[in-house]
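Undergrad: the sequence isn't on hand, but the structure is:
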């Protein structure tokens, strides 16, 4: 008598794809991990003899779990203190599907915030088709809607994403250079120098989640953004803080980990448009920084 070998992780072969989908749907690594744990438990206990495609079955399950979780997430974000930003991901490669589609490796804050403004079904249809190359027949089964309706959902989402992405791109070295020049300008205390790096309608988002001090609304306009960061730097100088910026990767793009007195203060990323900084994303909420070293490494 023989027994089938039972693997430790029945969804191991699909975990990367599923995690990438869940993270893009929810904007939270912690929530994505919870969804995959739920999917793991359900799949481990499922009768698999009738499952024609394990991957399609799991994608459908994870999509539905994410849609359910989005309902409670939206309610929480209505009472979230200040701007909500996605939880930064340090290893984008692990979350990128093995496809050659245009948005397959795009995990930028800009894209995730655009997805956040879509309805759950729009987000799911777009991600499954345009990022994960899922046929509309499978999307239809996952969402419980007709293929025609799923095509319309994906088309509306695609239009919103293209409008947001228009003109926003930069080579990694240009991205890194702008970040470095931004930090140097802020440290210099020269508001004009800092402002020269920003687009006229630049916006700064600061997510403290009510746990750490942060701007309660987005700061809009090059002049206001420059003065805001100069003010932050001056307060740090007055406290005699020792501040260091460590280059890192955030969501597949160059970013910075900002340490104050050797403790992680925030993770910062930027969005570039036509050679200037169009948006600054500063995640200060410690609940979203668990993937990064909490203390400065010497």
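TA: Noted; the coordinates are in hand. No experiment lies behind these values; they were computed from the predicted model shown. Numbering: from 1, shown residues only.
Undergrad: you'd agree residue 118 is in a helix?
TA: No - with DSSP: H, G, I helix; E, B strand; the rest coil as the criterion, residue 118 is located in coil rather than a helix.
Undergrad: who touches it in this structure?
TA: 126, 156, 157, 160 (CB atoms under 8 Å, 6 or more residues apart in numbering). For the C-beta atoms, the positions are set from N, CA and C on the backbone; glycine is no exception.
Undergrad: most neighbours among those residues, which one?
TA: Of all these, the highest neighbour tally under other CB atoms under 10 Å goes to residue 126, namely 27 neighbours.
Undergrad: that one touches residue 150, doesn't it?
TA: No - the criterion here is CB atoms under 8 Å, and residue 126 misses it with residue 150 at 9.8 Å.
Undergrad: quick check: closest non-adjacent residue to residue 102.
TA: residue 130 (7.4 Å; CB to CB, 6 or more residues apart in numbering).
Undergrad: next, that neighbour: secondary structure please.
TA: Three-state call for residue 130 (three-state DSSP): helix.
Undergrad: now residue 16
TA: helix.
Undergrad: pull the contacting residues for the closest residue to it other than its chain neighbours.
TA: Spatial nearest neighbour of residue 16, excluding adjacent residues (CB to CB, 6+ apart): residue 94 at 5.9 Å. The contact partners of residue 94, by CB under 8 Å, 6+ apart, come to 16, 19, 20.
Undergrad: list only buried entries from those residues.
TA: 19, 20 (16 or more other CB atoms under 10 Å).
Undergrad: quick one: which of the contacts of residue 94 is nearest residue 185?
TA: Ranked by distance to residue 185 (CB to CB), these are led by residue 20 at 35.1 Å.
Undergrad: just confirm that closest one contacts residue 97, I think it does.
TA: Yes - counting by CB under 8 Å, residue 20 does reach residue 97; the two are 5.8 Å apart.
Undergrad: would you mark the buried spots in the longest helix seen in the chain?
TA: Using DSSP state H to define each element, the chain has its longest helix at helix 54-78. Within helix 54-78, the residues that count as buried by 16+ other CB under 10 Å are 56-67, 69-70, 73.
Undergrad: and for stretch 253-267?
TA: Buried-residue list, stretch 253-267, by 16+ other CB under 10 Å: 253, 254, 255, 256, 257, 258, 259, 264, 265, 266, 267.
Undergrad: what's across from the third one in the sheet?
TA: Here residue 255 sits in beta bridges with residue 248, as judged by DSSP bridges.
Undergrad: and it, what is it in contact with?
TA: 88, 179, 247, 248, 249, 267, 268, 269, 270.
Undergrad: which residues of the stretch 51-200 of the chain fall in helices?
TA: 54-78, 109-116, 120-126, 136-143, 147-165, 172-188, 191-195 (DSSP state H, counting those that start in this stretch).
Undergrad: avg pLDDT for the shortest one?
TA: This means helix 191-195. For helix 191-195, mean pLDDT rounds to 96.
Undergrad: what of the second one?
TA: For helix 109-116, mean pLDDT is 93.
Undergrad: ditto for the third one
TA: Rounded to a whole number, the mean pLDDT of helix 120-126 is 97.
Undergrad: again, but for the fifth one
TA: Averaging the model's pLDDT scores along helix 147-165 yields 94.
Undergrad: next, the angle helix 109-116 makes with it.
TA: When axes from the mean of the first three to the mean of the last three CA atoms, to 10 degrees is applied, the directions of helix 147-165 and helix 109-116 differ by 140 degrees.
Undergrad: what distance do you get for the residue nearest to residue 16 to residue 217?
TA: 34 Å (CB to CB, to the nearest Å).
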